[in-house]
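Asker: Need a 3D model of the sequence below.
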Amino acid sequence: MNSISELRRILGSCKTIAVVGLSPQWHRPSFFAAKYMQGHGYRVVPVNPGATEILGERCYPSVTAAAAALAGQGVKIDMVDCFRRTEDIGPIADEAIAAGARCLWQQIGVVNEAAAQKARDAGLWTVMDRCVKIEHARLFGGLGWAGVNTKVISSRRPQQLPY
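Answerer: Below is the predicted model:
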């Protein structure tokens with residue numbers, strides 16, 4: 001289980017996110033989450049072998065291909081966000097480790113403990129069964145605007161968001 005401070009640290013320091021399984025269809029959860037993160041200052045790197053471009057960004061067939069292409073631009077993947085089935089996460093974790101990512105994030109409903117342990121052993125932060133968009137909104141004030149309890153206690157609304 002990840003604490004609020006761990007999630008804040010991860011979301012505050014991982015600014016380039018490779019989204020594995022990002023769909024080009026606007027109504028899919030992966031598209032919605034990636035668009036939200038992109039709109040909040042994160043660089044989204046789509047990983048989908050069936051597409052060439054998503055959200056205005058070039059799409060790559062694998063995390064390895066994305067990391068190699070971005071390295072030529074001086075950019076490093078910080079987080080690998082997985083919108084794939086639980087059984088597909090093992091090879092993705094291997095790619096995240098090889099790419100030098102700092103975090104392996106498994107979306108809601110995705111829990112591969114063996115892959116997470118492999119990533120932790122390699123020094124990566126791991127998150128399982130959580131949505132990056134929901135956690136960002138919850139911890140950085142986005143859900144509070146809609147009146148949802150964020151479990152973050154404050155006597156006043158921040159004048160400027162911390163991101």
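Asker: for stretch 81-93, the distance to its chain's centre please.
Answerer: 12 Å (C-alpha atoms, centre = their mean, to the nearest Å).
Asker: And the contacts of it?
Answerer: Contacting residues not belonging to stretch 81-93 are listed as 17-23, 29-30, 33-34, 63, 80, 104-107, 109-112, 114-116, 118-119, 132 [C-beta atoms under 8 Å, 6 or more residues apart in numbering]. Quick note: C-beta positions are derived from backbone N, CA and C, even for glycine.
Asker: Tell me which other helices or strands the lowest-mean-pLDDT helix or strand in the chain touches.
Answerer: One helix or strand of the chain scores below all others by mean pLDDT, DSSP states H and E: helix 132-139, with a mean of 92. Contact here means 3 or more C-beta pairs under 8 Å, 6 or more residues apart in numbering; DSSP states H and E; on that basis helix 132-139 packs against helix 4-13, helix 29-39.
Asker: Using neighbour counts, pick out the buried residues of the first one.
Answerer: Buried residues in helix 4-13, counted by 16 or more other C-beta atoms under 10 Å: 7-8, 10-11.
Asker: cool, the longest one as well?
Answerer: Within helix 29-39, the residues that count as buried by 16+ other C-beta under 10 Å are 30-31, 33-38.
Asker: what are the ranges of the strands in the chain?
Answerer: 16-20, 43-47, 53-54, 57-58, 79-82, 103-106, 125-127 (DSSP state E).
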